[in-house]
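Asks: quick one, fold the following:
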Amino acid sequence: KKPFITILQLKEQCIVNIFISYWEKNQFEEAYSFLGKYEMVKHPTIQTWLQQQYGMKQNEKLQHILRLPFSHQNITLHPLHAISNWDSHLIKQIHEPLFKENEETGEIEGNLLFHYETTDYQKWRFILRKGVYFHHMKPVYAADIQFSLERLSQLAKPYFNYEQFEIVHDYELIITLSKPFAILPELLSSFRTVILPKDKPDGSIGCGPFMLESLSPYNIQLTTFDSYFKKRPYIDGIEFIFDNNETDFGISYTPYPKDIPQKELLMKQLATDYVVLNMQNGSLQNEILRETIYALIQPEDFITNVMTETVASNWLSSHKQQLYATIQCTSDDFPILKIGYQHLSSHANYLDKALILQGQLHQFGLKTELRCIDLNIDETVDTSSIDLFIGGATFGKQKILSVLNLYFTKPKAILSFLNAYHSNLVKQTLEKIYTTKQYSFTETLNELVEQTQKICCLKLLTHRQKRMYIRDDFQYKNLEFDTAGFIKYSKIF
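Replies: Numbers count the residues shown, from 1 in each chain. The predicted model follows:
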């Protein structure tokens, strides 16, 4: 007799079973690579199975663990090196800053502090809370505060400099700044200024509600810190699992089908996309060439989603009109222009916007080259090799800090592309924001934009506001979200 094989499962089911086998062994890279070979990454059976893996799960220790999908692989937990929303989100779970914004009033108040005082915004006295511990059970002392603020000065050097620290005792510290800095509490409420233990400053240990259990490109595990100095979260931990399928867990950035009950949330966090023209080096030092390029850039063309994007003419609003520019020359007057575009990851980069910009310039007959500016590697944009830079900025709750970070931290494109005179002019305007509280933030912001628009250096493109859709048949009704659209894990049950 001839041998024969009886096939008991269809090919698709075999592929699903092999994927599940990889996935349950935490071999996520192999799992999605295997699916990709058979073009089944978006298969309904896979999608349904993944949905069942997420949510609140009880482990063998009867602990309540919240499992969620995530698609961002390159995670950085050091606050000074964080560049993505996922980085800052995870840092906020593990760490605590000296100050925090009151969620009800919006006022900045002490967090790790029992008391603080200043009379001139230059000399500050901090008295720490007692009973606050890092995750390795060492108390938070004044030496840790000094260490963290000394490191901060490396990042914020253009506007935050100190003359000396004086540790009175383990729980009291006096810092004297080089000049008055009125918004120090706002600065020290940022995720970038969280307090790190002096003996373990890599970002893996903090004093926040959750401890880092493990971190890999495909799996992140956080465990609730039982000795947290504030209210303990209900859940016992969080597990983020890399999901190349971008599976949503009752939360989506696009609407669900109409037959699924859902509600729409508009996030408060605002992002603004922009183009900077290089007046420091290259052909666009020429005012006529620069004004021509400025006139060719049409912000309306950069709207790719009418539900979430609008034309921008100021960093935070659309009230002021951008200055008018005219085409002053022909395409024959230009060399090949190099366009640099901001890149954080495969999920967060400006290649699509750069292609729109390239298309606008090509219609005029200009030749261009695209160059990736990887912010994981590049601290600043190389002004000698880039003529235009296209990127974006996010404005969180602390808009003053967002503006300072936009101008003074990477990619530093705006200040780098200005000549010395206009760069100093912008810095003087920025100084109004942080040396005194006797100013109008809105008027100062308008002044900053006008200073760079009237010389055809900065072109604002679009505002983006994230919309989220929450399923009403989702099993957890009490979800709360922060301004960036992330779940507040400390409040879920």
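
Asks: quick one: F240 is in a strand?
Replies: Yes. Counting by DSSP: H, G, I helix; E, B strand; the rest coil, one finds F240 located in a strand.

Asks: and it, how far is that from I220?
Replies: Here F240 is placed at a distance of 4 Å from I220 (CB to CB, to the nearest Å). Quick note: C-beta positions are derived from backbone N, CA and C, even for glycine.

Asks: now do the shared contacts for those two.
Replies: Shared contacts of F240 and I220 (CB atoms under 8 Å, 6 or more residues apart in numbering): F70.

Asks: pLDDT weak spots in the stretch 51-200 of the chain?
Replies: Residue ranges of the stretch 51-200 of the chain with pLDDT under 70: 72-73.

Asks: can you map out the helices along it?
Replies: Ranges of helices in the stretch 51-200 of the chain, per DSSP state H, counting those that start in this stretch, are 85-94, 142-155, 184-187.

Asks: what helices or strands is the last one leaning on?
Replies: Counting contacts by 3 or more CB pairs under 8 Å, 6 or more residues apart in numbering; DSSP states H and E, the secondary-structure elements packed against helix 184-187 are helix 399-408.

Asks: now do the following helix or strand past the helix it packs on, average pLDDT.
Replies: Remark: after helix 399-408, the chain's next helix or strand is helix 413-417, criterion DSSP states H and E. Helix 413-417 shows a mean pLDDT of 92.

Asks: what helices or strands is helix 413-417 leaning on?
Replies: Counting by 3+ CB pairs under 8 Å, 6+ apart, helix 413-417 packs on strand 262-277, strand 388-395, helix 399-408, helix 420-435.

Asks: and it, how far out from the chain middle?
Replies: Relative to its chain's centre, helix 413-417 lies at 20 Å (CA atoms, centre = their mean, to the nearest Å).

Asks: residues of that helix that come out buried?
Replies: Buried residues in helix 413-417, counted by 16 or more other CB atoms under 10 Å: A413, I414, L415, S416, F417.

Asks: now the third one: how far from R192?
Replies: Read that as L415. Taken as CB to CB, the span from L415 to R192 is 19 Å.

Asks: next: the last one.
Replies: Distance from F417 to R192, counting by CB to CB: 24 Å.

Asks: repeat that for the fourth one.
Replies: Using CB to CB, we find S416 at a distance of 21 Å from R192.

Asks: can you check the first one too?
Replies: Distance of A413 to R192, given as CB to CB: 19 Å.

Asks: excluding its backbone neighbours, what's nearest the residue nearest to the spatial centre of the chain?
Replies: Among the residues of the chain, the one closest to the centroid is N85, at 3.1 Å (CA atoms, centre = their mean). Distances taken as CB to CB, 6 or more residues apart in numbering place A484 nearest to N85, at 5.4 Å, with adjacent residues excluded.

Asks: just the CA trace of stretch 295-312, in PDB.
Replies: Extracted in PDB, the C-alpha atoms of stretch 295-312 (Å, rounded to 0.1, in the frame of the first residue of the first chain):
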ATOM      1  CA  ALA A 295       6.200  81.200  -0.400                       C
ATOM      2  CA  LEU A 296       6.200  77.700  -2.100                       C
ATOM      3  CA  ILE A 297       5.400  75.900   1.200                       C
ATOM      4  CA  GLN A 298       1.600  75.600   1.500                       C
ATOM      5  CA  PRO A 299       0.500  74.400   5.000                       C
ATOM      6  CA  GLU A 300      -2.900  73.200   3.700                       C
ATOM      7  CA  ASP A 301      -1.200  70.400   1.700                       C
ATOM      8  CA  PHE A 302       0.300  68.900   4.900                       C
ATOM      9  CA  ILE A 303      -3.100  68.000   6.400                       C
ATOM     10  CA  THR A 304      -3.400  64.300   6.000                       C
ATOM     11  CA  ASN A 305      -6.300  63.800   8.500                       C
ATOM     12  CA  VAL A 306      -9.000  66.400   8.600                       C
ATOM     13  CA  MET A 307     -10.400  64.900  11.800                       C
ATOM     14  CA  THR A 308      -7.200  65.700  13.800                       C
ATOM     15  CA  GLU A 309      -5.300  68.300  11.900                       C
ATOM     16  CA  THR A 310      -5.700  72.100  11.200                       C
ATOM     17  CA  VAL A 311      -3.500  74.700   9.600                       C
ATOM     18  CA  ALA A 312      -1.200  76.300  12.200                       C
END
